[in-house]
Every structure is written in structure tokens, then in C-alpha cells.
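Undergrad: take this sequence and fold it.
(2 chains, ligands or ions: 2)
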Amino acid sequence: MTEKITPEEIQKIISSVPLLSASANQLLQATTDPDHDLMQIVNVVKTDATLTARVLKVVNSAAFGLINEITSLDRAISYLGERLVVGIAIGDCAAQLFDKELKGYEGEHGALWRHDLRTAIASREVVTQSNSTINPDLAFTAGLLHDIGKALISDYLQGTASDVLQKIENNEFSDYLAAEEELIGFDHPRAGYELALVWKLPEPIAEVIRFHHTPAEASEEFRELVYAVHLGDNIAMMGGCGTGADSMQYMLDTNYTQYVDLHPNALANIMLVVNEDYEKLERSFSEAGE
Amino acid sequence: MGQIILGVGDYGASNQSGEEVKTFALGSCVSVVFLDPKTRTIGMVHVALPESSINKAKSAEKPGYFADTGIPALLAQMAKFGCNPKGKGMVVKLCGGANVMDTNDTFQIGKRNALSIKKILWKYGMGAVAEDLGGNFSRTVSVSVDTGEIILSSPGRPNWKL
Ligand SMILES: [Fe+2]
Ligand SMILES: [Fe+2]
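TA: Ligands and ions are numbered 1, 2, ... in the order given. Okay, here's the model as predicted:
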């Protein structure tokens, strides 16, 4: 028998999660600002010794195969690009969430981080290959955070997975989202959104977290971005990289065509690029991990 | 027990008793399994996309990635174990090819993978005796040399056989 999560309880869960570091917060704000430049990113990283060390470790990891070691932060950041730097910052301070074993979804250890990383890459690639005006760095970062709510509610879903799958099959639940809501009173996008408010995440990212399975409900201003991550999420799951029993058990909103202009052949191309990039990035992050 | 683990676009074969060939988390990808009773050899290719024409460089580097180059590559590999290079006498099984919950066909790479594989098998005069395709869930697949049996697993579901 599952317990419902009350609004007070979700706040209690969130209060046990460490806040984002000041530098991660500043990086997220910068990424969201359409007028920022790379110098701003460099200046934020400089103020954070731990982050600086991590960035240098990642750029010099074997996965990138650099012949000469990069020792200057400026060069490291321009080589890795903004999104990876932001990704390293978030990955480090939210490690407790990303690394959480999602028992409620019967996910393997590390599944959330891998799914989020893959969604980040896929969302970026959707934006790039559809000639969108959305900043690919923003799509990446939003993709990285989209499922963070699963780490908050997973424990409450323990022991439900096989029953949920059965009920989706019998059309008693329309999809996994409906099951979460019905069983514990909170689905993972809404739980994640509560966290986004506490963390004071930039609005477009909070919006992605809240509506990534129901992009039509996002505010018009951010809807294109939300659709891009919606597709990125589905592409990640199609690549066999979900978070457990819920993988591929969400509705795809086929109205995405109104917001994302994907050529019929683009999907196969995107999947190819995502696979290759993912293997490389996953390796560089884990090699650089302590 | 020895294991040959295949990543996306990899293929492999074995005739070693006690060994198994395994691939993790097929979403829309399809695993094509060949069993050759005569030489007691098993083979598998983890196909990600239906056609190599979208990226020739990739198919040269990793033929297993695509249905149209992956099947010939696996047959050539199995020929090294003494199997018929055209696949004569082999038993074929297919697994994977899942789809997201989608009401139109744009995102049905899983379905397109399966179709493309069947078309190529047909050219060789081969057909699958068993398949576990489609649905909205990912599959981990392993085949054992000794039994030729395929064990499938997916989070939240009991394991099953093919
Ligand atoms: Fe989600
Ligand atoms: Fe997701």
C-alpha cells in the first residue's frame, strides 16, 4: 500500500536536499540569459576552486584524448563549451539526487544521471537539427534537470512497478504519469517543479521540469523549448536509456510538429549523434569522477 | 560463465560451451539472433537504425549499427565458425524494436528497424521462427550457446524466454 505525499511532505523532502551552490546558480542564470558570453561563465567558475578543479579534470580525461594537458581554465572552458561546464557544476552539487538509486522505478544505480545526460544531449541535438532559435546550451541544461523530481518521489513508489505496468497495459492508467499521481498524489514533474522553485531555477528550466511530459500545457513563451526536451526525453528512452520500469511508458505529444521542425530523416540522424556523443561524455564524466 | 557483451552496433558469435552472448537495454534497437544447429554456433547483432544510407562512414566503421549492413556482417562473422555464409540452415529469432507511446508514425524507429530487418532476411531466404518485437518497454537479451535459448528481461517485469 502506498502513501500519498502531501504538499507539506514534499517540502520536507526538498529541505533534506542540499541547495545548489552559488556558482551553479549563477551559471544557470547566465545560460538562460540570451545576451551572455563565455567570459561570464569563466568568471563564475574562477570563483569556485572545486569546480575549477573538476572542469580541468574532465577536459583532461582520457575520453577527450587531448595530447597536451590543458591547464588554463579559459582554454578548458572554451574547449568543453558552456553546456558541459554547467553540466559539471549541476552534476556535482546535485550528485545526491542524480546518483540516487531509483528503487521505486526499479532503476539501476546511476540510471537517473545516465538518462538525464542522454536527454540533455538529445534535446540539444533536436534544437540544432531543427534549425531552432533556441540556445542549444539551454536545451542541454534543461534536459539534464528534467527528471530530477524522480529522485524525490522514487522511495514512495517502492514495490509498485510491476502493478503499474500491468494497469497501464489494461488501460487502467493512461501512462506512468497518471499512475504516479494516482498512487502517491504527486507526479515526478510536479515534484521536480517544487524543487525548482526552492532552488530558484531560471523560469524556462522550471517550466521544462514541470511540463516535459505535457508540453502543450507550458506557457507559450517557453513551449518550443519544452517540446524540444519532450522529444529529447523520448529519444533517450528509445535509445534504451530510461530510468527503469517507466521507460517508454509516457505519451508522446505528436503536436510537436507545430513547434519543432524535424525533417523525416532527422530522427535517425539525431539518434546516431546522440549515441556517439553520449558514449564519449559518459566516459569523460565517469573518468573524472572521484 | 563466459559472456560476450555487445554494445549498440556490435555483433558477435560463439560456439564455446558455457558461453552466452548478451546485449543490454534494447529500446527501439533490434537484436537479431542466429542459431546454427549444425555447428552449434550462436550469433547476435544489435541493430540501431534501419538503413545505412544515412551515414556511410558510420556503416563502414560499425556495420552492425544498421539493418542492411549488420546482417551481412553477422553472417560473415559466423562463417568463420564454419556456418553457411548465406545463412542456410540457420534459425532466426528477433527481439526489441520497442516504440514510445505514439499515435502517429514519426517516432516509430523500432517498427522501421524490424521491417527493414525482415526485408533483408527475406532476401537471404531466411525468416524468423520466433520474435518478441514492439511494445513500450526496453529489453535486455541473452542467448546461451548450450541451449540456444533466449532470456529476456525488463525492469518491473518477470524474465521471460524466447
Ligand atoms: Fe519525466
Ligand atoms: Fe525523462
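Undergrad: next, B:Gly125: secondary structure please.
TA: Assigned with DSSP: H, G, I helix; E, B strand; the rest coil, B:Gly125 falls in the coil class.
Undergrad: identify the residues contacting it.
TA: B:Gly125 sits next to B:86-88 when contact means CB atoms under 8 Å, 6 or more residues apart in numbering or on different chains. For glycine as for every other residue, the C-beta is placed from the backbone atoms N, C-alpha and C.
Undergrad: ok, now B:Ala76?
TA: B:Pro85.
Undergrad: gap between the closest residue to chain B within the stretch 1-150 of chain A and A:Asn43?
TA: The nearest approach of the stretch 1-150 of chain A to chain B comes at A:Glu106, 4.2 Å away (CB to the nearest CB). A:Glu106 is 43 Å from A:Asn43, where distance means CB to CB, to the nearest Å.
Undergrad: neighbour-wise, which of the two wins?
TA: Neighbours were counted for A:Glu106 and for A:Asn43 using other CB atoms under 10 Å in any protein chain shown; A:Glu106 has more, 24 against 11.
Undergrad: now name the helix or strand holding A:Glu224.
TA: Using DSSP states H and E, A:Glu224 sits in helix A:223-238.
Undergrad: number of nearby residues for B:Leu49?
TA: Counted with other CB under 10 Å, B:Leu49 comes out at 29.
Undergrad: B:Gly110 is in contact with that one, correct?
TA: No - assessed by CB atoms under 8 Å, B:Leu49 is found out of contact with B:Gly110, at 10.7 Å.
Undergrad: so where's chain B uncertain?
TA: For chain B, residues meeting the criterion pLDDT under 70 lie at B:1.
Undergrad: how about it: which residue is closest to chain A?
TA: B:Gly156 (2.9 Å).
Undergrad: leaving out sequence neighbours, find the closest residue to that residue.
TA: Closest residue to B:Gly156 apart from its sequence neighbours, by CB to CB, 6 or more residues apart in numbering or on different chains: A:Ala245 at 2.9 Å.
Undergrad: tell me the pLDDT of the one you found.
TA: In this prediction, A:Ala245 carries a pLDDT score of 96.
Undergrad: where does the residue sitting furthest away from the middle of chain B sit: helix, strand or coil?
TA: The centre of chain B is farthest from one residue, B:Thr103, which by CA atoms, centre = their mean lies 26.3 Å away. Following three-state DSSP, we place B:Thr103 in the coil state.
Undergrad: nearest spatial neighbour of it, chain-adjacent residues omitted?
TA: Per CB to CB, 6+ apart, closest to B:Thr103 is A:Thr254, 5.5 Å.
Undergrad: and if you look at B:Phe137?
TA: B:Ser154 is the one closest to B:Phe137 (CB to CB, 6+ apart), at 4.9 Å.
Undergrad: tally of neighbours for that neighbour?
TA: B:Ser154 has 23 nearby residues by other CB under 10 Å.
Undergrad: now swap in A:Asp37 and tell me
TA: 10.
Undergrad: contact residues of chain B facing chain A?
TA: B:8-9, B:24-29, B:48-51, B:54-55, B:58, B:65, B:98-104, B:106-107, B:109-110, B:136-138, B:154-158 (CB under 8 Å from any CB of the partner chain).
Undergrad: hang on, the earlier thing: of the contacts of B:Gly125 - the most surrounded one?
TA: Going by other CB under 10 Å, B:Gly87 tops the contacts of B:Gly125 with 22 neighbours.
Undergrad: could you list the buried residues of stretch A:86-106?
TA: A:86-94, A:97-98, A:100-102, A:104-106 (16 or more other CB atoms under 10 Å in any protein chain shown).
Undergrad: if we can go back for a sec, pretty sure the residue of chain B closest to chain A contacts A:Gly242?
TA: No - look at B:Gly156 against A:Gly242 with CB under 8 Å: they stay out of range, at 10.9 Å.
Undergrad: of these two, who's got more company?
TA: A:Gly242 (29 against 20).
Undergrad: I'd guessed the more buried one sits against A:Arg114; true?
TA: No - using CB under 8 Å as the test, A:Gly242 is too far from A:Arg114 to be in contact (9.3 Å).
Undergrad: residue ranges of the helices in chain B, please?
TA: Under the criterion DSSP state H, helices of chain B are mapped to B:56-61, B:67-79, B:109-123.
Undergrad: quick one: which of the ones you listed is nearest A:Asp175?
TA: helix B:109-123 (17.4 Å; CB to CB).
Undergrad: check which helices and strands the closest one sits against.
TA: helix A:266-288, strand B:30-36, helix B:67-79, strand B:91-96, strand B:128-133 (3 or more CB pairs under 8 Å, 6 or more residues apart in numbering or on different chains; DSSP states H and E).
Undergrad: note down every partner strand of the fourth one and its orientation.
TA: In this case it means strand B:91-96. As defined by DSSP bridges, the strand partners of strand B:91-96 come to strand B:30-36 (antiparallel), strand B:128-133 (parallel).
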